[in-house]
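Chemist: Dropping a prediction and its sequence here:
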Amino acid sequence: MRENFTQTFNLHIFVNESLNNELPVRDLEAGSLRVVILTLDTSNMLAGTYIVKAHIPPVYGEKGTSDNEKTVSIRVIVTPPKISV
């Protein structure tokens, strides 16, 4: 018989391998999915390409961890401010 339980954990957000944020995920039921929307403040970032990784540490009783991480590449473009004449 398979046990069903809920888990609460922190979703770790890394930017270029540095921890940027931790988002709490509460009461996730076993076998279910949850969509998390992340807004990244790029106002203090230099122009360039960044690697953003979302990682969930293994939770109690978790057997498969291959879906605990997602990595994307983003490109920050700095545009000059508009000058009013």
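Modeler: Thanks, I have it.
Chemist: contacts and neighbour counts: CA atoms only from here.
Modeler: Fine.
Chemist: and the most centrally placed residue in the chain, what pLDDT?
Modeler: Nearest residue to the geometric centre of the chain (C-alpha atoms, centre = their mean): Ala54, 3.2 Å. Predicted confidence (pLDDT) for Ala54: 94.
Chemist: mind listing what it touches?
Modeler: When contacts are counted by C-alpha atoms under 8 Å, 6 or more residues apart in numbering, Ala54 touches 11-14, 69-71.
Chemist: And Val76, by the same measure?
Modeler: 42, 45-50.
Chemist: can you rerun that using 7 Å?
Modeler: Shown in contact with Val76 (C-alpha atoms under 7 Å, 6 or more residues apart in numbering): 47-49.
Chemist: Identify each of the strands in this protein and give its residue range.
Modeler: Assigned by DSSP state E, the strands in the chain fall at 6-15, 18-29, 48-55, 69-76.
Chemist: Direction included, what does the longest one pair up with?
Modeler: The one in question is strand 18-29. Note on strand 18-29: by DSSP bridges, its sheet partners are strand 6-15 (antiparallel).
Chemist: And for the third one?
Modeler: Strand 48-55 has these partner strands in its sheet, going by DSSP bridges: strand 6-15 (antiparallel), strand 69-76 (antiparallel).
Chemist: out of the ones you listed, nearest to Pro58?
Modeler: Among the strands paired with strand 48-55, the nearest to Pro58 by C-alpha to C-alpha is strand 6-15 (9.2 Å).
Chemist: With only the CA atoms kept, save the closest one in PDB.
Modeler: Only the C-alpha atoms of strand 6-15 are listed here, as PDB (Å, rounded to 0.1, in the frame of the first residue of the first chain):
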ATOM      1  CA  THR A   6       1.700  16.200   2.000                       C
ATOM      2  CA  GLN A   7       5.000  17.900   2.000                       C
ATOM      3  CA  THR A   8       6.100  21.500   2.800                       C
ATOM      4  CA  PHE A   9       9.500  22.600   1.500                       C
ATOM      5  CA  ASN A  10      11.500  25.600   0.100                       C
ATOM      6  CA  LEU A  11      12.000  26.000  -3.600                       C
ATOM      7  CA  HIS A  12      15.600  27.300  -4.100                       C
ATOM      8  CA  ILE A  13      16.200  29.800  -6.900                       C
ATOM      9  CA  PHE A  14      19.800  30.200  -8.100                       C
ATOM     10  CA  VAL A  15      21.100  32.700 -10.500                       C
END
